[in-house]
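> Any chance you could fold what I've pasted below:
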Amino acid sequence: MKLFLDYLNKIKLQILLMLFPTILTGMIFLLYQLPMEPILYIAVLWILTGLGTCAFGFHNYQKNIHNLQIISAAPDINLSRMDAPSNEADALQQEIMHSLNRMRIDAETANQKTLEEMTDYYTMWAHQIKTPIAASRLILQSAQEECCDENRQEVFLELKEEISRIDQYADMVMCYLRLDTGTTDYVIREYELDGIVRQAVRMYASVFIRKKLRLIYEPLELKILTDEKWLLFVISQVLSNALKYTPSGTVTIYKKEPQTLCIKDTGIGIAPEDLPRIFEKGYTGSNGRADKKASGIGLYLSKRICTNLGHKITVHSVPGEGTEVCICLERVDLEIE
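Prediction:
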């Protein structure tokens, strides 16, 4: 009904022009007191002709609207599905649509090529930067072993942490690129959770030592279906945040039933207004703004990875008391490789 009213509103001028001759003729017949029967016949014939023309025009209008709705709902639809043009106007409209569709496809192809080139470049960069990072670690380790000055040992620990942070950022770049391009190379197998968590703990051993933080590690004794590499990235991000925002105290790693890994710290906690947005891309919150080193990408990537793996990550926090991050590792829809 709304479409018909829109059509009537569009042709209201044509309707008035059609009615004008009939009204004018009727007024002349009235002025000269002529018989009204002829004018009535003419009026009925005119109105029927107008209604037929209006119905035919509405049919074409409805068809054009339908075609435009198809294009709007699915821009990449095959335009050959559209009805054959019935006149020059329809043919011109479809020609314009085909031209716009070709322009859209060309633009998407060019954008995809640019994205692939940029992805390849940054992936190559992330891989290549791993070499100087590894070399820096070896040089630092050698210098640390030769140095007997206790004061300088503290400096070596800090340098190790900074190198690890650079390595972590390179991993984040590769992770971000792979998630956005779909080349995630998931390998789902059965793993011992203890083995994955211990890898993450070893990565940050120097941070525990330098900050004098206590680690409470309860044996997990749990086999899970997951991808080791990607889950290790998630646990590393969570553990990194726990260490970053815990000036003193403890970090506790334990298991909740049925298959939930929890990492709890006694750090500064997360403000209530920040908690609902911590998984948003680029969101750092008040803690990140104060630290000035947060990227706002780590938890965003962790959330996406957990979703892809079928896991669920949740965060509970009380400002001034600490934060607890839990990763539910249950998977019932995967088969062991």
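> just checking, next helix/strand downstream of the longest helix along the chain?
Using DSSP state H, we find that the single longest helix of the chain is helix 88-146. For helix 88-146, the following helix or strand on the C-terminal side (DSSP states H and E) is helix 150-181.
> quick one, that following helix and helix 88-146 angle?
160 degrees (axes from the mean of the first three to the mean of the last three C-alpha atoms, to 10 degrees).
> list the buried ones in helix 150-181?
The neighbour-count criterion (16 or more other C-beta atoms under 10 Å) identifies 156-157, 159-161, 163-164, 167-168, 170-179 as the buried residues of helix 150-181. Heads up, the C-betas are built off the backbone N, CA and C, glycines and all.
> Tell me which residues touch residue 194, please.
219, 220, 221, 222 (C-beta atoms under 8 Å, 6 or more residues apart in numbering).
> With residue 199 instead?
Taking C-beta under 8 Å, 6+ apart, we find residue 199 in contact with residue 232.
> separation between it and residue 323?
Distance of residue 199 to residue 323, given as C-beta to C-beta, to the nearest Å: 22 Å.
> And for residue 142?
37 Å.
> Counting neighbours, what do you get for residue 326?
Here the number of neighbours of residue 326 (other C-beta atoms under 10 Å) works out to 19.
> ok, back up a step: tell me the one of the contacts of residue 194 nearest residue 203?
Compare each of the contacts of residue 194 with residue 203 using C-beta to C-beta and the shortest gap goes to residue 220, at 17.1 Å.
> Confirm the closest one sits in a helix?
No. Going by DSSP: H, G, I helix; E, B strand; the rest coil, the assignment for residue 220 is coil, not a helix.
> tell me the contacts of it?
193, 194, 197, 253, 254, 255, 261.
> how about the nearest residue to residue 282, chain neighbours excluded?
Across the structure, with C-beta to C-beta, 6 or more residues apart in numbering as the measure, the residue nearest residue 282 apart from its sequence neighbours is residue 296 (4.2 Å).
> which residues in the chain form helices?
Read by DSSP H, the chain holds these helices, from start to end of the chain: 2-10, 12-31, 37-73, 88-146, 150-181, 193-203, 205-211, 228-244, 285-291, 298-309.
> out of those helices, nearest to residue 266?
Of the helices of the chain, the one closest to residue 266 (C-beta to C-beta) turns out to be helix 228-244, at 9.4 Å.
> model confidence over the closest one, on average?
Model confidence over helix 228-244, given as mean pLDDT, is 91.
> CA-only coordinates of that helix in CSV, if you can.
Included here for helix 228-244 are C-alpha records, laid out as CSV according to Å, rounded to 0.1, in the frame of the first residue of the first chain:
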residue,chain,number,x,y,z
GLU,A,228,48.7,-25.2,21.4
LYS,A,229,50.2,-22.2,19.6
TRP,A,230,47.1,-20.1,19.7
LEU,A,231,46.1,-21.0,23.2
LEU,A,232,49.7,-20.2,24.3
PHE,A,233,49.3,-16.8,22.8
VAL,A,234,46.1,-16.2,24.8
ILE,A,235,47.6,-17.4,28.1
SER,A,236,50.7,-15.3,27.5
GLN,A,237,48.7,-12.2,27.0
VAL,A,238,46.7,-12.8,30.2
LEU,A,239,49.8,-13.5,32.2
SER,A,240,51.5,-10.4,30.7
ASN,A,241,48.7,-8.2,31.8
ALA,A,242,48.6,-9.8,35.3
LEU,A,243,52.4,-9.0,35.7
LYS,A,244,52.1,-5.6,34.2
